[in-house]
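In: One predicted model, sequence on top.
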Protein chains: 2
Amino acid sequence: MRPTITAFRNSPDGGGGHGRDMRVRWALEEAGVAYDVRLVDFDEMKQPAHLARHPFGQIPTYEEGDLVLFESGAIILHIAGHHPGLLPEGEHARARAIAWLFAALNTVEPAIVELEMAPYLDRDKPWYEERLVVLAERIRSKLDVLLPRLREAEWLEGGFSAADLMMVTVLRRIEGSPVLDEYPDLLAYVARATARPAYQRAFQAQLDVFRAAQAG
Amino acid sequence: MRPTITAFRNSPDGGGGHGRDMRVRWALEEAGVAYDVRLVDFDEMKQPAHLARHPFGQIPTYEEGDLVLFESGAIILHIAGHHPGLLPEGEHARARAIAWLFAALNTVEPAIVELEMAPYLDRDKPWYEERLVVLAERIRSKLDVLLPRLREAEWLEGGFSAADLMMVTVLRRIEGSPVLDEYPDLLAYVARATARPAYQRAFQAQLDVFRAAQAG
């Protein structure tokens, strides 16, 4: 059954592909699954129809027949459980890749989100610059762990997996930030992941949506 | 094969059961799996032997024969995949419960961790009180979503599941905080989860470890 996902009609990142729908688009492209997209704006995301899909009123969601899912991590695991190409074959390697997927979401991403939100929340505060230093240091403590691993190996656990898909979309949130630039080997990791044809197709698809909204 | 987990030798919360090992202990108790515990202190957590188990040098870890896992979410999913009682039977309900498990870790917990860390990071800053207000408001925006759901149903998705186990351990991190006290129905949810015999056994086990360390 062809799934339907939700994405921003008018992405606040200007087509940069930082919305969490990119994760789901990318996973579906890696799995070779065609999908439909339901576009929503911020008003629609707070309406009962969308809240029934996503209790927290965010994107992405995933609908496949009677199944309605939210949380990009859960959606990716669901797709990976039903299609080859997103998780290693062996049971142990599979569990390890899932551990790295959780690490991307629960250990690395929260530190990055704090830095990302700071300009919106705190830019006018006298302590803004001081806070940025603390937040950058927290991110470094995570990147310092990833660095040796991704210097020695191309991907987090065996071949490319959902763990890399998740980690790369998390790292892309600080692309262009001086913190990530301190880690050329991690930039190379992001580059080899985003060079994948499936990523490129997913990125183009979300960019097309943004451009259509701008033209519209 | 009997698994081994890691936990604090001398828990910084004084036996309050807020360490993430509680999640794994609780899941193993729900599943009826006996386990061993390797106790570590903060120094040992930064040594190569532990870093081989947990790249970020934290607890918990999970060892079962050749399999070594980190990240409490991944460990809980692994246990739930091999034992009944932690995820619903139907495939759709199972995927939904996993979505709520991710919501606990990636949507609710980060907001709570920020409030928890504030006294350590910012207590001496002139803007500390102002920051606490912002952080509490972020937590409320998450609890406002949980509230109606857990007023209407006993558990997040069907019967008690790994989703509740995770959400309750996340909510317990702000037990005693005025924010959580504003939500009596969520306090009742935490109370009915922590009244489960499996929770009680897990809590007692970690408390025994703490008391043994204190007794020296």
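Out: Cool, the structure landed.
In: Rounded mean pLDDT for stretch A:100-111, please.
Out: Summarised as a single mean, pLDDT over stretch A:100-111 is 96.
In: Off-centre distance for it?
Out: 11 Å (CA atoms, centre = their mean, to the nearest Å).
In: May I see the buried residues of that stretch?
Out: A:Trp100, A:Leu101, A:Phe102, A:Ala103, A:Ala104, A:Leu105, A:Asn106, A:Thr107, A:Val108, A:Glu109, A:Pro110, A:Ala111 (16 or more other CB atoms under 10 Å in any protein chain shown). Glycine gets a C-beta too; all of them are placed from N, C-alpha and C.
In: from memory the fourth one sits against B:His54, does it?
Out: It refers to A:Ala103. No - with contacts counted by CB atoms under 8 Å, A:Ala103 stays clear of B:His54, the gap being 9.6 Å.
In: which residues do these two both contact?
Out: Counting by CB atoms under 8 Å, 6 or more residues apart in numbering or on different chains, the residues touching both A:Ala103 and B:His54 are B:Phe70.
In: element containing the residue most central in space within chain A, please.
Out: Against the mean C-alpha coordinate of chain A, by CA atoms, centre = their mean, the closest residue is A:Thr169 at 3.7 Å. Taking DSSP states H and E as the criterion, A:Thr169 maps to helix A:162-172.
In: That helix near chain B at all?
Out: No - against chain B, helix A:162-172 shows no contacts by CB under 8 Å from any CB of the partner chain, the least distance being 10.0 Å.
In: So which elements touch that helix?
Out: When contacts are defined as 3 or more CB pairs under 8 Å, 6 or more residues apart in numbering or on different chains; DSSP states H and E, helix A:162-172 packs onto helix A:21-31, helix A:72-82, helix A:91-102, helix A:109-122, helix A:184-194.
In: One more pass at 6 Å, please.
Out: For helix A:162-172, the packing partners by 3 or more CB pairs under 6 Å, 6 or more residues apart in numbering or on different chains; DSSP states H and E come out as helix A:21-31, helix A:91-102, helix A:184-194.
In: Off-centre distance for it?
Out: The mean C-alpha position of helix A:162-172 is separated from the chain mean by 6 Å, CA atoms, centre = their mean.
In: List of residues touching that helix?
Out: With contact meaning CB atoms under 6 Å, 6 or more residues apart in numbering or on different chains, helix A:162-172 is reached by A:22-23, A:26, A:76, A:80, A:86-87, A:97, A:100-101, A:104, A:108-109, A:155-157, A:190, A:193.
In: What of stretch A:68-88?
Out: A:20, A:23-24, A:27, A:30-31, A:53-54, A:61-62, A:94, A:97, A:105, A:158, A:161-162, B:95, B:98-99, B:102-103.
In: So chain A: which segments form each domain?
Out: Chain A breaks down by automatic domain parsing into domains covering A:4-85+A:198-215, A:91-196.
In: So in chain A, where's the weakest helix or strand by average pLDDT?
Out: Ranked by mean pLDDT, DSSP states H and E, the weakest helix or strand in chain A is helix A:109-122, scoring a mean of 88.
In: Check which helices and strands it is in contact with.
Out: helix A:128-152.
In: Buried residues in the helix it packs on, which are they?
Out: Those buried within helix A:128-152 under the rule 16+ other CB under 10 Å are A:131-132, A:135-136, A:138-140, A:142-143, A:145-147, A:150.
In: Next, count neighbours for the closest residue in space to A:Arg201 that isn't next to it in sequence.
Out: Using CB to CB, 6 or more residues apart in numbering or on different chains and skipping residues adjacent in sequence, the residue nearest A:Arg201 is A:Glu29, 4.8 Å away. Applying other CB atoms under 10 Å in any protein chain shown, we find 21 residues neighbouring A:Glu29.
In: Quickly run through the sheet partners of the strand or helix carrying A:Ile5, with directions.
Out: A:Ile5 belongs to strand A:4-8 when assigned by DSSP H and E. If you go by DSSP bridges, strand A:4-8 pairs up with strand A:36-40 (parallel), strand A:61-64 (antiparallel).
In: B:Ser177: which of these is closest?
Out: Nearest to B:Ser177 among these is strand A:61-64 (30.8 Å), distances taken as CB to CB.
In: Centre of the chain to that closest one, how far?
Out: On CA atoms, centre = their mean, the centre of strand A:61-64 falls 17 Å from that of its chain.
In: tell me which parts of chain A are close to chain B?
Out: A:55-56, A:67, A:69-71, A:73-74, A:78, A:92, A:95, A:98-99, A:102-103, A:105-107, A:110, A:127, A:145 (CB under 6 Å from any CB of the partner chain).
In: hmm, try it at 7 Å
Out: Contact residues (CB under 7 Å from any CB of the partner chain) of chain A with chain B: A:55-56, A:66-67, A:69-71, A:73-74, A:77-78, A:92, A:95-96, A:98-99, A:102-103, A:105-107, A:110, A:113, A:121, A:125, A:127, A:134, A:145, A:149.
In: Provide the secondary structure category for the residue in chain A sticking out farthest from the centre.
Out: Residue farthest from the centre of chain A, counting by CA atoms, centre = their mean, is A:Pro126 at 31.9 Å. Following DSSP: H, G, I helix; E, B strand; the rest coil, we place A:Pro126 in the coil state.
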